[in-house]
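In: model this:
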Amino acid sequence: MTSDRESSESTPPARTPPQGPRALWLRATVLVLLAIVAAALFLRFRQELSLDALAAREANLRKLCDAHPIGSLAIAFFAYVAVTGLSLPGAVVMSVAYGWLFGFWKALVVVSFASTTGATIAFLLSRYLFGQAIQARYAERIAAFNEAIDREGAFYLFTLRLIPQVPFWLINIVMGLTRLRARTFWWVSQLGMLPGTIVFVLAGSSVKRLSEIQERGLASILDWRLAAALVLLGVAPLAIKRLLAYARPAAAKKAAQAQIEIDAPNQA
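Out: Numbers count the residues shown, from 1 in each chain. Take a look at the predicted model:
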């Protein structure tokens, strides 16, 4: 009884958003505006964010960052947030370019927090535009799924973040359709994306000139550090899966033992 009461208090009730015509028009308007902004930004900057364009301007970029170090970091941060928040392509190229431009540690901080901020914005937009309506309309059908997210949503999200094959933007949108808390999404994404961020920033920081990649290809930046990081990034999901497989039976055993201890006085 106590455990059921505590679990119901810890999980907030689902908020039912207004479903009137005005609310639907507002969501449709926001969606159209976001699509227009995303398309405009993509068409405007897709060439400038390419590796070829950055390599052609690397001398000017170096001078600009040396003359305005704080301003350049701020611009880089908000540019990354805009790209990831609107689910635009180019985040990987930006991560590599930031590592080359700012060095490993500065780029790591900027990319790590900017990617999490952008991911959370995309997560909240997905929840506002689609998630609340889906939860309100199909609450009974997805009740079991919501319970699974309440129990293991953080572990599930963390595992997805460690798998490079799963698109970054897709995770943000799909998780916005669930009842996962925004603060949980934030800190799990911050930790889960960190290994991949380290790999991409490390790759960029090991490059002296971007033109080297153009001339020799991506293989020119592969050294023992980057090779080791790629191996660890590939092995990490398997290791996490094994650890979870061992942890879940132990957790289930503890939960069952705790339930027996709670029910024993009631039966007596």
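
In: Ramachandran coordinates for His68?
Out: Main-chain torsions, His68, degrees, to the nearest 10: phi -130, psi 70.

In: The closest residue to Val92 other than its chain neighbours is in what secondary structure piece?
Out: Distances taken as CB to CB, 6 or more residues apart in numbering put Phe200 closest to Val92, at 6.0 Å, once the chain neighbours are dropped. Yep, even glycine has a C-beta here, placed from its N, CA and C like the rest. In the assignment (DSSP states H and E), Phe200 maps to helix 194-205.

In: repeat for Val166
Out: Per DSSP H and E, there is no helix or strand for Val166.

In: Quickly note the distance from Ile134 to Ile70.
Out: 42 Å (CB to CB, to the nearest Å).

In: Next one: Val110 from Val207, what distance?
Out: On the measure of CB to CB, Val110 and Val207 end up 17 Å apart.

In: More neighbours: which of these two?
Out: Neighbour count, other CB atoms under 10 Å: between Val110 and Val207, Val110 has more, with 25 against 18.

In: circling back to that earlier point, for Ile134 and Ile70, indicate the residue with more neighbours.
Out: Ile134 (15 against 7).

In: What are the neighbouring residues in contact with that one?
Out: 142, 177 (CB atoms under 8 Å, 6 or more residues apart in numbering).

In: Show the average pLDDT along the helix or strand that contains it.
Out: Using DSSP H and E, Ile134 maps to helix 132-137. Mean pLDDT, computed over helix 132-137, is 74.

In: Give the buried residues for it.
Out: Across helix 132-137, burial judged by 16 or more other CB atoms under 10 Å covers 132-133, 135.

In: for those, which one is nearest Gly192?
Out: Gln135 (23.6 Å; CB to CB).

In: From Ile75, how far off is the closest one?
Out: The value you get for Gln135 to Ile75, if CB to CB is used, is 37 Å.

In: How about Glu140?
Out: Counting by CB to CB, the gap from Glu140 to Ile75 is 48 Å.

In: Between the two, which is the more surrounded one?
Out: Per other CB under 10 Å, whichever of Glu140 and Ile75 has more neighbours is Ile75, with 13 against 7.

In: Please give the element, helix or strand, for that one.
Out: helix 69-85.

In: contacting residues around that helix?
Out: By CB under 8 Å, 6+ apart, helix 69-85 touches 41, 49, 64-65, 88, 90-91, 94, 98, 101-102, 106, 110-111, 113-115, 117-119, 121-122, 125, 168-169.
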